[in-house]
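Enquirer: Sequence and predicted structure are below.
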Amino acid sequence: MKDRELDAILSQAAQVPHDVDPALLASIGNSVGRSLTPVRPLPPAWALTGGLILISGAVALAGAGRLGLYGIQKMSVLDRALIFPALGLLLWLAATASVAEMIPGSRRRVSPPILLGDGSLALVTVFAILFRDYHTHHFVHEGIACLSAGLLHAIPAALASWVLLRRGFAVNPVAAGLVAGTIAGLAGVTMLELHCPNFEAPHVILWHTAVVPVSWAAGALLGWLRNRRA
Amino acid sequence: MHSESDPEILMARYQQGDYAAATALIHQLSAQLHRFFLVQSAGRGDADDLLQETWLRIHEVRHTYRPGEPVLPWFYAIARHIRVDHYRRALRTTGREQPLEEVPEPAAAPPTASGGITDLQDLLAPLPASQREVIEMLKIAGMSLEEVARATSSTVGSVKQKAHRAYEKLRERLSGAGLDERRAGGPR
């Protein structure tokens, strides 16, 4: 059997008229009519994406400004030229995905799990290329301090992002939580790169990057809980 | 050239509070959404409930449609969400209930030549839900690959792959049932 023949069978089935009970349609029409008021459509996707990037950038800058911009001051020009554009690109991808998750029927350039896996891998690769000091002084103590600081900055970024996207509707709350957590986590990592002067490779690769998966896991968990409660 | 009955135009007017546009949309799209639920193995009663629930949700979140964007993926994305939600709740409820007796899964009967909705359900029954919905949207609702990708929150590549696998299964089934000569009167 050829595809053409299968197409013909399916289109034959498609052309059979299918009716819905007129009483049901009338009842739906009445329900809709009772609360029909004009609504303001959501802003364009590019505006929401830009808003999310601005929020994350502002949270990272404000946090690092308060704690001290020691990290960026210690970096070489090459470090700055690779780390911040990479973070910016990941942030843009995550923001685009987040907006798409909150608007039903949006175009997906990349699926959230792929974004997450590839994004974290890209971040680890950039850090592994740039940081060559393999000492591990105060590895756990300093690491936990950085992870906590990153996560503490991810929270306001997540809250502000939620305010921006609160009028959206997530058809998949887990995926929406996952990408929202990723954006918040990237805000936390950006803050750490601006602030943290510890350039030991294991510290940066493990503790700085860990902010992203911990944040997305928290976001996905919140989405899952919301889904269960609904 | 857009006509006044274009769902995109009607949707934009619905957002502005136009009741006539809202009812026109309900009449224009309900049959295909109802069929979508039926093809997804819902009974007629369930499909009625799902349709009603879908329209109420559409009404609630109508501001999330952006004028100028294709409207069908938006409708189908919400319909899918309602369907998944409905079955998740049903599973939770049935999980707590003690079955009185085992009800056997009805076997998918070979399709007949009449071409009605039951035949369509039977024809697509052996497919996994994800492939069934892709075939329903592509071949029955007449959506493009891009529109199906948007509605199912996936990529065009993934939709193509699902459609390809679904076609392989359907081909096997129809060839096995010896229906290829009986049903296919050639492409229209």
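Expert: Arrived safely, thanks for sending.
Enquirer: what about chain A, any weak spots by pLDDT?
Expert: Along chain A, the model assigns pLDDT under 70 to residues A:1, A:230.
Enquirer: any idea which element the spatially most central residue of chain A lies in?
Expert: Nearest residue to the geometric centre of chain A (C-alpha atoms, centre = their mean): residue A:179, 2.8 Å. Counting by DSSP states H and E, the element that carries residue A:179 is helix A:173-195.
Enquirer: any idea how far that helix is from the chain center?
Expert: Offset of helix A:173-195 from its chain centre (C-alpha atoms, centre = their mean, to the nearest Å): 6 Å.
Enquirer: Tell me the helix or strand right after that helix.
Expert: Counting by DSSP H and E, the element after helix A:173-195 in chain order, helix or strand, is helix A:201-202.
Enquirer: Buried residues, the helix or strand encompassing residue B:26. List them.
Expert: Using DSSP H and E, residue B:26 sits in helix B:19-39. Going by neighbour count (16 or more other C-beta atoms under 10 Å in any protein chain shown), the buried part of helix B:19-39 is B:21-26, B:29-30, B:32-39. The way it works is simple: take the backbone N, C-alpha and C, and place the C-beta from them, glycine included.
Enquirer: hmm, back to that, where's the residue nearest to the centre of chain A relative to residue A:167, distance?
Expert: Per C-beta to C-beta, to the nearest Å, residue A:179 is found 17 Å from residue A:167.
Enquirer: what secondary structure does residue B:17 sit in?
Expert: Under DSSP: H, G, I helix; E, B strand; the rest coil, the three-state class of residue B:17 is coil.
Enquirer: Tell me how far it lies from chain A.
Expert: The gap separating residue B:17 from chain A is 4 Å, by C-beta to the nearest C-beta, to the nearest Å.
Enquirer: Excluding residues flanking it in the chain, which one is nearest that residue?
Expert: Leaving aside its sequence neighbours, residue B:17 sits nearest to residue A:38 (C-beta to C-beta, 6 or more residues apart in numbering or on different chains; 3.9 Å).
Enquirer: and what of residue A:183?
Expert: residue A:94 (4.6 Å).
Enquirer: helix or strand for the one you found, which one?
Expert: Judged by DSSP H and E, residue A:94 forms part of helix A:77-102.
Enquirer: And that helix, what does it pack against?
Expert: helix A:45-67, helix A:112-130, helix A:139-165, helix A:173-195 (3 or more C-beta pairs under 8 Å, 6 or more residues apart in numbering or on different chains; DSSP states H and E).
Enquirer: angle of that helix against helix A:45-67?
Expert: Here helix A:77-102 runs at an angle of 130 degrees relative to helix A:45-67 (axes from the mean of the first three to the mean of the last three C-alpha atoms, to 10 degrees).
Enquirer: Please point out which parts of helix A:77-102 sit buried.
Expert: Residues of helix A:77-102 classed as buried by neighbour count (16+ other C-beta under 10 Å): A:79, A:82-83, A:86-87, A:90-91, A:93-102.
Enquirer: about what we covered before: the residue nearest to residue A:183 against residue A:120, yeah?
Expert: No - counting by C-beta atoms under 8 Å, residue A:94 does not reach residue A:120; the two are 11.2 Å apart.
Enquirer: Any idea which helix or strand in chain B has the lowest mean pLDDT?
Expert: Counting by mean pLDDT, DSSP states H and E, chain B has its least confident helix or strand at helix B:180-183, which shows a mean of 50.
Enquirer: Next up, the contacts around the residue nearest to residue A:183.
Expert: By C-beta atoms under 8 Å, 6 or more residues apart in numbering or on different chains, the contact set of residue A:94 is A:115, A:119, A:179, A:182, A:183, A:186.
Enquirer: Would you confirm that residue B:50 contacts residue B:85?
Expert: No - applying C-beta under 8 Å, one finds residue B:50 not in contact with residue B:85, separated by 9.5 Å.
Enquirer: Determine which member of these two has the greater number of neighbouring residues.
Expert: residue B:50 (23 against 16; other C-beta atoms under 10 Å in any protein chain shown).
Enquirer: Contacts for the helix or strand in which that one is found next, please.
Expert: Per DSSP H and E, residue B:50 falls inside helix B:44-60. Helix B:44-60 has contacts (C-beta under 8 Å, 6+ apart) with A:20-21, A:24, A:27-28, A:31-32, A:35-36, B:22, B:26, B:30, B:33-34, B:37-38, B:42, B:75, B:78-79, B:81-83, B:86.
Enquirer: rerun that using 7 Å as the cut-off
Expert: Helix B:44-60 is contacted from outside by A:20-21, A:24, A:28, A:31-32, B:26, B:30, B:33-34, B:37-38, B:42, B:75, B:78-79, B:82-83, B:86, using C-beta atoms under 7 Å, 6 or more residues apart in numbering or on different chains.
Enquirer: neighbours around residue A:15, how many?
Expert: 10.
Enquirer: any idea how far it is from residue B:174?
Expert: Counting by C-beta to C-beta, the gap from residue A:15 to residue B:174 is 18 Å.
Enquirer: ditto for residue A:196
Expert: Per C-beta to C-beta, residue A:196 is found 63 Å from residue B:174.
Enquirer: One more: residue A:143?
Expert: As judged by C-beta to C-beta, residue A:143 and residue B:174 stand 60 Å apart.
Enquirer: So which other helices or strands are in contact with whichever helix in chain B runs longest?
Expert: Longest helix in chain B, counting residues (DSSP state H): helix B:71-96. Where contact means 3 or more C-beta pairs under 7 Å, 6 or more residues apart in numbering or on different chains; DSSP states H and E, helix B:71-96 is packed against helix B:7-15, helix B:19-39, helix B:44-60, helix B:145-151.
Enquirer: The nearest residue to residue A:189 once chain neighbours are set aside sits in which helix or strand?
Expert: Residue nearest to residue A:189 in three dimensions, not counting chain neighbours: residue A:211, with 5.1 Å by C-beta to C-beta, 6+ apart. Under the criterion of DSSP H and E, residue A:211 resides in helix A:209-229.
Enquirer: quick check: angle from that helix to helix A:77-102?
Expert: With the same axes, to 10 degrees applied, the angle from helix A:209-229 to helix A:77-102 works out at 10 degrees.
Enquirer: buried ones in helix A:209-229?
Expert: A:209-216, A:218-220, A:222-223, A:227.
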